[in-house]
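A.B. asks: got a predicted structure plus its sequence, pasted below:
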Amino acid sequence: MSYLKGLKYQGWAIAWTILISILCFMKTPGSESTGVFFKGFDKLVHLGFFYVLTVLLFFGKIRYQHNYSFSILTIFKIILITASIGGGIELVQLFFFSYRSAEWWDFWCDMIGVLMGVFSYVLLHVADYSKK
């Protein structure tokens, strides 16, 4: 029941996840091989999507706790949640959309974005802790 109570603080992360899903399932203009702006642009987009998602998940967790405490369990849960979302998006693209393709590189770029978000959280936590 505690998870449902904390869910109300994750509104921005939920909205961002819905937006990511819609954008990842849309048919993109132009060729997939060349990308929209340059080759590999979609990988950069995946990285950015999941960086923002990770930051929003941490933001919701901080608001729920009403403090900025550091927890390895929280980091593990957020990595698990974001990996599930990224993997789920790739599986849906693989099995349900003929105009989209699932790629391991997309998933790895998702995870790099997540790790960048985790790094940002840890770095900010250390900066906040040093003030005390």
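C.D. replies: Looks like it came in fine.

A.B. asks: centroid-nearest residue for this protein?
C.D. replies: F50 (2.7 Å; C-alpha atoms, centre = their mean).

A.B. asks: who's in contact with that residue?
C.D. replies: 20, 82, 86, 109-114, 117 (C-beta atoms under 8 Å, 6 or more residues apart in numbering). Backbone N, C-alpha and C define where each C-beta goes, glycine included.

A.B. asks: mean confidence for stretch 78-87?
C.D. replies: Average pLDDT, stretch 78-87: 95.

A.B. asks: residues in contact with that stretch?
C.D. replies: Residues contacting stretch 78-87 (C-beta under 8 Å, 6+ apart): 17, 20, 46, 50, 53-54, 57-58, 61, 106-107, 110-111, 114, 117-118.

A.B. asks: what's the first helix or strand after the helix or strand of the chain with the lowest mean pLDDT?
C.D. replies: Sorting the helices and strands of the chain by mean pLDDT, DSSP states H and E puts helix 2-7 at the bottom, at a mean of 70. Downstream of helix 2-7, the next assigned helix or strand under DSSP states H and E is helix 11-25.

A.B. asks: tell me which strands and helices that following helix is in contact with?
C.D. replies: In terms of contacts (3 or more C-beta pairs under 8 Å, 6 or more residues apart in numbering; DSSP states H and E), helix 11-25 is packed against helix 41-65, helix 72-96.

A.B. asks: tell me the phi and psi of F97?
C.D. replies: phi -120, psi 120 (degrees, to the nearest 10).

A.B. asks: which helix in this protein has the most residues?
C.D. replies: Ordering each helix of the chain by length in residues (DSSP state H) puts helix 104-131 first.

A.B. asks: now the helices and strands packed on helix 11-25 in TSV, with distance to A102?
C.D. replies: Below are the helices and strands packed on helix 11-25 laid out as TSV (distance: least, C-beta to C-beta, whole Å):
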stretch	distance to A102
helix 41-65	12
helix 72-96	4
